[in-house]
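Undergrad: show me the folded form of this:
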Amino acid sequence: MHPFEKPSGSNRLANAYSLFFILVLTFVISMLLVKTGIIGFVGCIGLIITVGIVYAIFNNPKLGILLLIILGFFVTGLARYVPLAWGLTIDGLLILIYVALFFKGFAYKIPWHKAKSPLTLVVSVWMGYILLEIGNPEAQSKEAWFYAMRGVALYQWLSIPLLFVLFNKEKDLNTFFIIWGILSVLGTLKGFQQFAFGVDPFEKRWLDQGGAETHILFGKLRVFSFYSDAGQFGASQGHAGVVFGILALFKKDNFKLKAFFIFVALAGFFGMLISGTRGAIAVPALGGIMLLILKKNLKVLILGAILGIGVYIFFAHTTIGQGNAEIRRMRTAFDPNEPSLMVRLENQKKLKGYLASRPFGGGVGATGNWGQRFTPHTFLANTATDSWYVMIWADTGQVGLTYYLLMLFFILGTGAYHVMYKLKDEWLKAQIAALTCGMAGIMMASYGNGVFGQMPTGILMYVGMVFMFISPKIDHWKQKTTIQLH
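TA: As a prediction, this is how the structure comes out:
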């Protein structure tokens, strides 16, 4: 019996409780409709959905993981249509899964030992450092710390143990890729609608309220789909292009699945192109280089280097396709004298001087949107960081940035080591290689944009990290099963 299934003898009682619950809920809805009309109706629908989700997660906590992945794609875009603090639903969902497991623990033994991993340790140390940042004497706002630390450390710290415990099988990895692929294609379709037909009224309002400053350049829309911004959309679609391109390259025995991977990869690269995000090109660039390294094949490495040089020459030393706005904007990423790059470098010089005497930074949440919201009078709030790593540096200092980079390279190196030396199953090796190359690409793109800690990239990263670490166990189980079958 599955550890979260009910004993068969309790089915009749469970059905009786369910019927009673439905009758009570129907009565409550009827009374609310009589008293409040359409507002009450909308509220009731929301209540029913919420109760249904809570019931489903308490019954099967793994559903919470699937919902977390799906919600990651839509949570920031929803605020354009319904102005609520949708970001806090991620916090609520993570806590709900933990509460569900707590109550499950009274009846079943929860395998928390599966979360014992070097990955859990390094992210816990990072979370501990971020907690200590509350006491940073340079910090100006505890509210800013609360909002900013979620994407920087909290979501990662809460998600990874849950993934080790609940989402750790080969079929979970396969499910993850299918969900990711479908949602990425939807993201490209929404982006194409904006690109070809313009934004809808809710998106127009968002642009009018300040979004246009960064999303309409020289009269041209930077496509953002249902993501937080064009930078996140472009990087995320480039991420999908790399991961699913690698999966398509190595899938041999299932034509339908291979066709799906190819379609998702092409849609991803198309979404990256129309986003108008120059930094997103770093994702396939470094992802491709990482794949060449993982293959350990000199001929392939040489061919890849030739291809990479060709792409560089096309963008940096030709004017081919200059009439196309998307190619023209991508080309500026290869210009060392590009004005916005000069501004970024100048800001980094200013930060270097300011942080020279502040090894622990100016406090989590001191920069970016949170700094502008809570401490708009400070130097850090008024100095653009642009880069995810520059933000980590400004907020947590040289000490924080050093540890953070070491942590990321340790995780990436673990995935690469497993692909190159540990894994024997070819398809599993391809899947982990795809995740490793995707992570390398996002790490590179995060230098130009703050994409790493935003959704959906954040949750996709966390799932990928966990499977990089547990892949040898999955591989061992697959090898053992194969031997038994023979």
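
Undergrad: how about the strands in the stretch 101-250 of the chain?
TA: Here the stretch 101-250 of the chain has its strands, by DSSP state E, counting those that start in this stretch, at 216-217, 220-221.

Undergrad: a markdown table for these, including distance to Ser236, mean neighbour count and mean pLDDT?
TA: Where you see a C-beta, it was placed from the backbone N, CA and C, and this is true even at glycine. Shown next, in a markdown table, are the strands of the stretch 101-250 of the chain (distance: least, CB to CB, whole Å; neighbours: other CB atoms under 10 Å; pLDDT from 0 to 100):
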| stretch | distance to Ser236 | mean neighbour count | mean pLDDT |
| --- | --- | --- | --- |
| strand 216-217 | 20 | 13 | 78 |
| strand 220-221 | 18 | 16 | 84 |
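
Undergrad: need those strands in JSON lines (columns: distance to Phe177).
TA: Formatted as JSON lines, these follow (distance: least, CB to CB, whole Å):
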{"stretch": "strand 216-217", "distance to Phe177": "34"}
{"stretch": "strand 220-221", "distance to Phe177": "31"}
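
Undergrad: quick one: closest of those to Lys424.
TA: Closest to Lys424 of the strands of the stretch 101-250 of the chain is strand 220-221 (CB to CB; 48.1 Å).

Undergrad: contact partners for Leu401?
TA: 389, 392-393 (CB atoms under 8 Å, 6 or more residues apart in numbering).

Undergrad: select from those residues every entry located in helices.
TA: 389, 392-393 (DSSP state H).

Undergrad: possible to save the residues you listed as a markdown table with pLDDT, distance to Ile182 and neighbour count?
TA: A markdown table is the format used below for the ones in helices among the contacts of Leu401 (pLDDT from 0 to 100; distance: CB to CB, whole Å; neighbours: other CB atoms under 10 Å):
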| residue | pLDDT | distance to Ile182 | neighbour count |
| --- | --- | --- | --- |
| Tyr389 | 93 | 31 | 18 |
| Ile392 | 95 | 32 | 25 |
| Trp393 | 94 | 36 | 25 |
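
Undergrad: nearest to Ile90 among those?
TA: Taking these together and measuring to Ile90 by CB to CB, the closest member is Ile392, at 20.0 Å.

Undergrad: surely that closest one and Tyr404 touch.
TA: Yes - Ile392 is within contact range of Tyr404, at 5.3 Å (criterion: CB atoms under 8 Å).

Undergrad: which strands or helices does the helix or strand hosting Trp427 pack on?
TA: Assigned by DSSP states H and E, Trp427 belongs to helix 426-445. Contacts defined by 3 or more CB pairs under 8 Å, 6 or more residues apart in numbering; DSSP states H and E place helix 426-445 against helix 170-197, helix 230-250, helix 282-295, helix 388-417, helix 457-485.

Undergrad: report the rounded mean pLDDT for it.
TA: Mean pLDDT, helix 426-445: 95.

Undergrad: quick check: angle from it to helix 457-485?
TA: Using axes from the mean of the first three to the mean of the last three CA atoms, to 10 degrees, the inter-axis angle of helix 426-445 relative to helix 457-485 is 160 degrees.

Undergrad: circling back to that earlier point, redo the ones in helices among the contacts of Leu401 as TSV? Include distance to Thr120.
TA: Below are these laid out as TSV (distance: CB to CB, whole Å):
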residue	distance to Thr120
Tyr389	23
Ile392	21
Trp393	25
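
Undergrad: relative to Met420, which of those residues is nearest.
TA: Tyr389 (26.1 Å).

Undergrad: can you point out the buried residues in stretch 161-175?
TA: Within stretch 161-175, the residues that count as buried by 16 or more other CB atoms under 10 Å are 161-168, 170, 172-173, 175.

Undergrad: quick one: the helix holding Trp427 to helix 170-197, angle?
TA: Using the same axes, to 10 degrees: helix 426-445 against helix 170-197 is 50 degrees.

Undergrad: how far does helix 426-445 sit from the chain's center?
TA: 14 Å (CA atoms, centre = their mean, to the nearest Å).

Undergrad: which ones are touching Ile69?
TA: By CB under 8 Å, 6+ apart, the contact set of Ile69 is 176, 179-180, 456, 459-460, 463.

Undergrad: mind doing that once more with 6 Å?
TA: Going by CB atoms under 6 Å, 6 or more residues apart in numbering, Ile69 touches 179, 459.

Undergrad: how near is it to Ser446?
TA: 20 Å (CB to CB, to the nearest Å).

Undergrad: looking at the buried residues of stretch 161-175, spot the one nearest Val364.
TA: Nearest to Val364 among the buried residues of stretch 161-175, with distances taken as CB to CB, is Pro161, at 21.8 Å.

Undergrad: could you tell me how many residues sit around the residue nearest to that closest one when sequence neighbours are not counted?
TA: Distances taken as CB to CB, 6 or more residues apart in numbering put Ala115 closest to Pro161, at 3.9 Å, once the chain neighbours are dropped. Neighbour count of Ala115, defined by other CB atoms under 10 Å: 18.

Undergrad: swap in Gln372?
TA: Other residues near Gln372 come to 13 when the count uses other CB under 10 Å.

Undergrad: was I right about it contacting Ala381?
TA: Yes - Gln372 lies in contact with Ala381 (CB atoms under 6 Å); the separation is 5.4 Å.

Undergrad: for the protein, name the helix or strand with the lowest mean pLDDT.
TA: When the helices and strands of the chain are compared on mean pLDDT, DSSP states H and E, helix 325-331 comes out lowest with a mean of 64.

Undergrad: quick check: the gap between Gly361 and His377.
TA: 18 Å.

Undergrad: any idea which helix or strand comes after whichever strand or helix holds Lys350?
TA: Under the criterion DSSP H and E, the helix or strand holding Lys350 is helix 339-355. Downstream of helix 339-355, the first helix or strand assigned by DSSP H and E is helix 368-374.

Undergrad: what's the spacing between that next one and its chain's center?
TA: Worked out by CA atoms, centre = their mean, helix 368-374 lies 22 Å from the chain centre.

Undergrad: pLDDT on it, on average?
TA: Helix 368-374 comes out at a mean pLDDT of 89.

Undergrad: what sits up against that helix?
TA: Residues contacting helix 368-374 (CB under 6 Å, 6+ apart): 141, 143-144, 147-148, 380-381.

Undergrad: make it 7 Å
TA: 141, 143-144, 147-148, 365, 378, 380-381, 385, 391 (CB atoms under 7 Å, 6 or more residues apart in numbering).

Undergrad: what's the answer for stretch 203-214, then?
TA: So stretch 203-214 is contacted by 80, 199, 215-216, 229 (CB under 7 Å, 6+ apart).

Undergrad: pull up the distance across it, start to finish.
TA: 14 Å (CA to CA, to the nearest Å).

Undergrad: where does the protein dip in pLDDT?
TA: 1-44, 46, 297, 300, 304, 308, 311-312, 314-317, 321-341, 482-486 (pLDDT under 70).

Undergrad: swap the cut-off to 50 and go again
TA: 1-3, 5-10 (pLDDT under 50).

Undergrad: what's the spacing between Phe379 and Leu355?
TA: Counting by CB to CB, the gap from Phe379 to Leu355 is 10 Å.

Undergrad: can you count the residues close to the nearest residue to Ile97 once chain neighbours are set aside?
TA: Leaving aside its sequence neighbours, Ile97 sits nearest to Gly64 (CB to CB, 6+ apart; 3.9 Å). For Gly64, the count of nearby residues is 24 (other CB under 10 Å).
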